[in-house]
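**Student:** The following block contains a protein sequence and its predicted model.
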Amino acid sequence: MSNVRIGVIGAGNMGADHVTTLHRYVSGATVTLVADLNAERARSALVPGSRATTDPYALIADPEVDAVVIASHDTTHADLAIAALRAGKPVMCEKPLAPTLDECLRVAREEQQAGVGLLSLGFMRRFDPAYVELKAGLVGGACGTPLLMHCIARGVSSAPGATSEFSITGSAIHEFDIVPWLLNSPIIEVSWHAPRSTNIAPGLQDPQLILLRTADGVLTTVEVFLNARYGYDIRCEIAGERGTLALADPARLVKTSELAQSKAYPADWRPRFADAYRLELQAWVDAVATGQISTLAGARDGVLAAAVAEAVITSMKDGGRTIAIEVPGE
């Protein structure tokens, strides 16, 4: 198909951004339908030529929708993804594939029946130019054999009702995908640790520190701090036998005035990863248009990340005990 007609489910921050990106920056794509349980929010996300609905299943069944983007609440992902797969429509589901491993496995089994490659998963860091360059440096041996990796994910403030478990399934889940992607080695064991918690979000363990060990012997530290307050900040450094590789500061402007020099941080993830989302959506649309399997993460990647998340939460509830990763069917 020369032009892919896309329906977007969810018109919150992520869904509305996807609608805008698809409309303005992705060639070969037309947003025809936007669904959100809140009718006003759905209408506010519309672009020229698109319609709004409050029924996501009607969107999936609509004959003017060739492919589906799922950007609704995490708890809706599994059922909506399965509905799209049963309708035979390519689907790009935002991370996580589902909040639990069992739900992820259910989606993966459904894809096996519908056709492998029909589902793509939005682990957008795989398309971020900085992470792509970091991986190229690793593959090219720029730091020698990797030994340690340090990942930091800090935000301004947690979402209302955020839980300690959500820090894992909603934030650290990115590291559970990008670490094995960078190292080309699966995570085999994890442990969870934490200092005293911030007083800003009572009842939420924040920050958290997670240790990951991959099959190649690399040890990775993952810091997740949802309420760091100062800005949205993503870091990654790899120490190898002959040097280090690290993501550079993504700030585009340095301000000098009143005897001081400063750089600004974004308020959330969207400015930092705008290029990644654009490149990811373009790759997905190109694959749908040509009938090829997309280069995005897939259902299997969602299952693997969920297995790591489940093990980390088990460690959280068991005094930080080291937990081996077990993936059903392996």
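**Tutor:** Looks like it arrived, so ask away.

**Student:** And what about Q261, helix, strand or coil?
**Tutor:** At Q261 the chain is in strand, as set by DSSP: H, G, I helix; E, B strand; the rest coil.

**Student:** Please read the previous query as pertaining to D249.
**Tutor:** Following three-state DSSP, D249 is assigned to coil.

**Student:** wait, it sits on Y265?
**Tutor:** No. At 9.8 Å, D249 does not count as touching Y265 under the criterion of CB atoms under 8 Å. (C-beta placed from N, C-alpha, C; glycine too.)

**Student:** Name the residue in the two with the higher neighbour count.
**Tutor:** Between D249 and Y265, counted using other CB atoms under 10 Å, Y265 has the larger neighbour count: 17 against 12.

**Student:** Surely the more buried one is in a strand?
**Tutor:** No. Y265 is assigned coil when assessed by three-state DSSP, not a strand.

**Student:** my read: it touches Y232, true?
**Tutor:** Yes. Using CB under 8 Å, Y265 makes contact with Y232 at a distance of 6.0 Å.

**Student:** in stretch 207-227, what counts as buried?
**Tutor:** The neighbour-count check on stretch 207-227 (16 or more other CB atoms under 10 Å) flags 207-208, 210-214, 218, 220-227 as buried.

**Student:** Check the average confidence over that stretch, would you?
**Tutor:** Mean pLDDT, computed over stretch 207-227, is 98.

**Student:** So for that stretch, first residue to last residue, what's the gap.
**Tutor:** Start-to-end span of stretch 207-227 (CA to CA, to the nearest Å) is 8 Å.

**Student:** change the start of the numbering to 667 and stick with it
**Tutor:** Yes, from this point I'll number from 667; that puts the last item at stretch 873-893.

**Student:** wait, what's in contact with D882?
**Tutor:** When contacts are counted by CB atoms under 8 Å, 6 or more residues apart in numbering, D882 is found next to P812, L849, S851.

**Student:** Restricted to helices, list those residues.
**Tutor:** Residues of the contacts of D882 located in helices (DSSP state H): L849.

**Student:** where exactly do the helices run in the stretch 867-996 of the chain?
**Tutor:** With DSSP state H, counting those that start in this stretch as the criterion, the stretch 867-996 of the chain has helices at 935-938, 940-956, 965-982.

**Student:** Show me the contact partners of the first one.
**Tutor:** With contact meaning CB under 8 Å, 6+ apart, helix 935-938 is reached by N679, D683, G821, Y898, I900, P916, P932, Y943.

**Student:** so where's the protein shaky on pLDDT?
**Tutor:** 667, 996 (pLDDT under 70).
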